[in-house]
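Asks: sharing a model prediction with you, sequence too.
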Amino acid sequence: MQKVNKSLIAVDLDGTLFGADHQISPRTIDTLHAVAQRGHAIVVVTGRSMHSAIPRLGLLPADARIVCSNGAYECHRDSNTRLWSEPIPASMVRALRQAVLQCLPDASFGWESACGLSYEQKFISEAGGAHTLEQGGITEEFANNDALKLYIRSPQLARGDLQRKLMPVVAGIAEISTSGAPFVELTAPGVDKASGLARVAADLGYSASRTIAFGDNLNDISMLQWAFESVAMGNALDEVKAIASKCTLDNTENGVAALLEAKLASGEL
């Protein structure tokens, strides 16, 4: 049933809801609880895996929903389980690796499966050590299982440049995005933050017209375009600001809280 006079608040984590310490500030926590108490829904839509997202989200309102790995799956905070997922089949993971290496022979890979997060040694070395990367679950051999997300890095290119280089290579067989890290991230065809948000919104009874989305980086663009009201953080990339309907303060200035507080005070929420 479609919600009436209530809004769905969709928030990215890094560079958006999180401050410089990669945690949610007490002010932002209080504001999100005030929003939830008014009957509005909150959905986290992050590029992070559940392994590093869930430990940071314990103070969110109890009914908050969590979509991880750029829309690849939703997880339940308290049971630490996946509610649904849309992975890349293992056979396609192998084909993607072959296609990428034909284009960039020096590329290296990481991957997230239902078992956990794994990385090639070359990927770890170029990242500056395993401590710089998300960890969790059980490591495994490449393409032993379907992949929820595939990570690719190259010593030649990074971020948007790497994404543009590989876009024609993976077109039609995977979605490619970047969240500000030096590497790019691949998900199954049609799977991105917009698709994950839309799936949860439909389950909760919200349409895009009742959704307010906050983001800062390239992997947020799809959900910002899907939502009726799109908010770029003050620290967002220019490409994000260009497609957003409005801007708020930086993440380090509690930009999400500031905008939501203003809406609560004015009666918009």
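Replies: That came through fine.

Asks: measure residue 15 to residue 92 for me?
Replies: Distance, residue 15 to residue 92, by C-beta to C-beta, to the nearest Å: 30 Å. C-beta here means a position set from N, CA and C on the backbone, and glycine is covered the same way.

Asks: who has more neighbours, the two?
Replies: residue 15 (25 against 19; other C-beta atoms under 10 Å).

Asks: tell me the helices and strands packed up against the longest helix anywhere in the chain.
Replies: As assigned by DSSP state H, the longest helix anywhere in the chain is helix 90-103. In terms of contacts (3 or more C-beta pairs under 8 Å, 6 or more residues apart in numbering; DSSP states H and E), helix 90-103 is packed against strand 108-112, strand 149-153, helix 159-170.

Asks: which ones are touching the residue lying closest to residue 20 once chain neighbours are set aside?
Replies: Spatial nearest neighbour of residue 20, excluding adjacent residues (C-beta to C-beta, 6 or more residues apart in numbering): residue 252 at 5.3 Å. Listed by C-beta atoms under 8 Å, 6 or more residues apart in numbering, the contact set of residue 252 reads 19, 20, 235.

Asks: tell me where this protein is predicted with low confidence.
Replies: 1-4 (pLDDT under 70).

Asks: that one - how does it break down into domains?
Replies: 8-85+191-266, 90-187 (automatic domain parsing).

Asks: and the end-to-end length of the last one?
Replies: Between the opening and closing residues of domain 90-187 there is a gap of 12 Å (C-alpha to C-alpha, to the nearest Å).

Asks: please report phi then psi for the closest residue to residue 64 other than its chain neighbours.
Replies: Excluding its sequence neighbours, the residue lying closest to residue 64 (C-beta to C-beta, 6+ apart) is residue 42, at 4.4 Å. With angles defined as degrees, to the nearest 10, residue 42 sits at phi -130, psi 130.

Asks: what about residue 42, neighbour count?
Replies: 21.

Asks: repeat for the one 5 residues further on
Replies: By the measure other C-beta under 10 Å, the count of residues near residue 47 is 26.

Asks: okay, the closest residue in space to residue 192 that isn't next to it in sequence and residue 237: tell me how far apart.
Replies: Of all residues beyond its chain neighbours, the one nearest residue 192 is residue 222 (4.4 Å), with distances taken as C-beta to C-beta, 6+ apart. Distance, residue 222 to residue 237, by C-beta to C-beta: 14 Å.

Asks: same question, residue 157
Replies: In terms of C-beta to C-beta, residue 157 sits 17 Å off from residue 237.

Asks: now do residue 124
Replies: Separation of residue 124 from residue 237 (C-beta to C-beta): 27 Å.
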